[in-house]
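*Asks:* Pasted the sequence and its predicted model underneath.
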Amino acid sequence: MNKPTFLKATVSTVALALLISCGGSEEKPAAAAKSANPGGLTDWQMTNGVGPLTSDVQVGPGVDEALATTGSELFETKCSACHKLDERYVGPPLRMVTEKRTPTYIMNMILDPEGMVKKHPEARKMLAQYMTPMTNQNVSEEQARALLEYLRQVDAEK
């Protein structure tokens with residue numbers, strides 16, 4: 001092969017490689033979205049988690065003080081070994097969690113931490129960050145609701 005032919009072949013090969021590497025840009029956002037939601041969860045599940053609760057938890061504008069008191073007691077017996085309100089401990093600090101997550105997400109995490117870590121990308125991120133899975137405390141839905149109300153009370157006190 002003479003020099004001009006070799007040069008043309010080389011330039012053609014480089015140009016083809018560049019075109020191939022630049023192509024398919026339409027697929028990149030879809031791939032990024034899939035990596036953010038690898039389980040194919042619905043928008044509702046991405047916002048509210050996966051678990052036993054499959055509809056929105058309704059909370060009032062104010063805190064139910066009696067329920068929050070029950071939640072405070074449950075927090076001390078079930079949660080405080082791993083969670084503090086204002087500092088990282090075994091698990092994440094929980095003050096302002098109600099500003100970051102929906103009531104349904106919080107309750108699904110309390111009720112089914114194993115399922116959340118298995119299926120929800122945000123729960124998996126938390127596991128990767130804290131390196132310890134949340135223990136299932138086997139609380140009832142009513143107890144989880146009381147814990148949520150306690151967290152709402154704490155966050156309302158800011």
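*Replies:* The structure has been received and is ready for your questions.

*Asks:* who's in contact with Met107?
*Replies:* Counting by C-beta atoms under 8 Å, 6 or more residues apart in numbering, Met107 makes contact with Gly51, Leu53, Val57, Glu141, Ala144, Arg145, Leu148. Quick note: C-beta positions are derived from backbone N, CA and C, even for glycine.

*Asks:* go with 10 Å
*Replies:* Neighbouring residues of Met107 by C-beta atoms under 10 Å, 6 or more residues apart in numbering: 48-49, 51-53, 57, 101, 139, 141, 144-145, 147-148.

*Asks:* Is it in a helix, a strand, or coil?
*Replies:* Using DSSP: H, G, I helix; E, B strand; the rest coil, the structure places Met107 in helix.

*Asks:* Skip the chain neighbours and tell me the closest residue to it.
*Replies:* Counting by C-beta to C-beta, 6 or more residues apart in numbering, Met107 lies nearest to Ala144, which is 4.7 Å off, once chain neighbours are set aside.

*Asks:* same question, Glu99
*Replies:* Asp155 (6.2 Å).

*Asks:* which residues touch the one you found?
*Replies:* Per C-beta under 10 Å, 6+ apart, neighbours of Asp155: Val63, Leu85, Leu94, Arg95, Met96, Val97, Thr98, Glu99, Lys100.

*Asks:* again with Gly71
*Replies:* 63-64, 78-79, 143-154.

*Asks:* List just the nearest of those to Leu111.
*Replies:* Closest approach between the contacts of Gly71 and Leu111, by C-beta to C-beta: Ala144, at 5.2 Å.

*Asks:* That closest one reaches Leu111, doesn't it?
*Replies:* Yes. Taking C-beta atoms under 10 Å as the definition, Ala144 is a contact partner of Leu111 at 5.2 Å.

*Asks:* State the distance from Gly40 to Leu147.
*Replies:* 29 Å (C-beta to C-beta, to the nearest Å).

*Asks:* Strands - which of the contacts of Gly71 land there?
*Replies:* If you go by DSSP state E, the contacts of Gly71 have nothing in strands.
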